[in-house]
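Trainee: Predicted structure and sequence below. I'll ask about it afterward.
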Amino acid sequence: MPQNKDIVCIIVDDETIAREVIATHLSKLPNIKIVASCTNAIEAFNVLRNHDVDLVFLDINMPEISGISFAKSINKEVKIIFTTAYRDFAVEGFELQAVDYLLKPISFDRLLKAVNTYFDIHTDIKHTESLGTDSNDFMFVRADRRMIKIDFKSVIYIESYSDYIKIHLSNETIVTRETISAIEAKLPIKKFLRIHRSYIIALKHISSFTNEEITIHNTTLTISRSYKKDVLQVLETYL
């Protein structure tokens with residue numbers, strides 16, 4: 001298993017034993033941090049509001065809000081490994097681009113394979129991001145059924161929602177159905193900085209900053225805990 005930074009996880013299942021089995025398996029793996037074990041989707045929503053979660057081990061057949069409904073409603077940057085006793089949900093699970101689909105009872109070997117699949121995906125994304133260069137001074141994004149040219153110098157910051165992003169420019173805002181990681185991979189790495197799962201900023205437009213937040217064009221954005229160390233190092237070097 002790759003030795004990367006900790007992957008922040010939550011377990012969501014209405015069965016106590018199922019949660020305990022997954023937690024026990026995960027405790028044997030490096031680089032995995034479980035921040036919550038939830039009995040239902042409502043609890044999980046509350047955790048996602050307060051933590052930058054990377055990966056959710058999610059039961060499908062739960063009361064009130066099913067795992068499928070929960071997965072459809074959260075930020076697509078959060079990856080899902082479905083856990084269930086029923087094979088019937090497999091197709092719908094993979095249509096949601098789940099990392100994997102585990103059938104109960106879940107063995108350690110099978111869970112390990114699913115976690116390694118996540119790491120493979122995560123590594124591919126990071127590799128793509130590392131290829132960003134300053135060779136171009138623009139990118140194209142799809143909006144309003146057209147491909148629109150975006151000059152990097154006009155980008156102030158980029159904001160992510162569940163399945164689309166807003167690119168805030170000096171004179172307008174462009175909305176496009178892309179992930180923030182896909183957009184980040186297109187940006188010159190020396191001019192832009194990811195400060196939060198939901199925010200990328202243009203360094204040249206920073207007005208002020210603290211250890212907790214950055215103000216850019218009269219808009220104050222939070223630096224998330226998982227990005228803080230890297231962000232502050234970049235800011236110290238940049239300034």
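Mentor: Received, thanks. Residues are numbered from 1 along each chain as shown.
Trainee: center of this protein, which residue is that?
Mentor: Glu77 (3.0 Å; Cα atoms, centre = their mean).
Trainee: would that residue count as being in a strand?
Mentor: No: Glu77 is assigned coil when assessed by DSSP: H, G, I helix; E, B strand; the rest coil, not a strand.
Trainee: Let me see the contact set for it.
Mentor: 160, 179-181, 197 (Cβ atoms under 8 Å, 6 or more residues apart in numbering). C-beta: built from backbone N, CA, C; applies to glycine.
Trainee: Ile65 now?
Mentor: By Cβ under 8 Å, 6+ apart, the contact list for Ile65 reads 40-42.
Trainee: one more time with 6 Å, if that's ok
Mentor: Ala41 (Cβ atoms under 6 Å, 6 or more residues apart in numbering).
Trainee: That one belongs to a helix?
Mentor: No: under three-state DSSP, Ile65 sits outside any helix and is assigned coil.
Trainee: Just the ones of the contacts of Glu77 in strands?
Mentor: Members of the contacts of Glu77 lying in strands (criterion: DSSP state E): Ser160.
Trainee: low-scoring stretches of this protein, by residue?
Mentor: 1-4, 87-96, 121-136, 238-239 (pLDDT under 70).
Trainee: Got the domain ranges for it?
Mentor: Listed domain ranges for the chain are 7-130, 138-238 (source: automatic domain parsing).
Trainee: mind checking how far the shortest one is from the chain centre?
Mentor: Its chain's average C-alpha position is 15 Å from that of domain 138-238, according to Cα atoms, centre = their mean, to the nearest Å.
Trainee: just the contacts of Glu77 now: which is nearest His51?
Mentor: Nearest to His51, judged by Cβ to Cβ, of the contacts of Glu77 is Arg197 at 10.2 Å.
Trainee: neighbours around that closest one, how many?
Mentor: 17 (other Cβ atoms under 10 Å).
Trainee: Thr215 touches Ile206, doesn't it?
Mentor: No: using Cβ atoms under 6 Å, Thr215 makes no contact with Ile206, being 7.4 Å away.
Trainee: For Phe140, see how far away the residue lying closest to Ile7 once chain neighbours are set aside is.
Mentor: Closest residue to Ile7 apart from its sequence neighbours, by Cβ to Cβ, 6 or more residues apart in numbering: Asp54 at 4.8 Å. Using Cβ to Cβ, to the nearest Å, Asp54 is found at 29 Å from Phe140.
Trainee: of these two, who's got more company?
Mentor: Per other Cβ under 10 Å, whichever of Asp54 and Phe140 has more neighbours is Asp54, with 21 against 12.
Trainee: That one contacts Lys5, correct?
Mentor: No: judged on Cβ under 6 Å, Asp54 makes no contact with Lys5 at a distance of 9.5 Å.
Trainee: Backbone dihedrals for the residue nearest to Ile7, both of them.
Mentor: Main-chain torsions, Asp54, degrees, to the nearest 10: phi -90, psi -40.
Trainee: Ser224 now?
Mentor: Here the main-chain torsion angles of Ser224 (degrees, to the nearest 10) amount to phi -80, psi 160.
Trainee: can you give me the helices for the protein?
Mentor: For the chain, the helices defined by DSSP state H occupy 16-27, 41-50, 67-73, 90-95, 108-130, 180-186, 225-238.
Trainee: any idea how far the residue nearest to Ile7 lies from Met147?
Mentor: Going from Asp54 to Met147 by Cβ to Cβ gives 31 Å.
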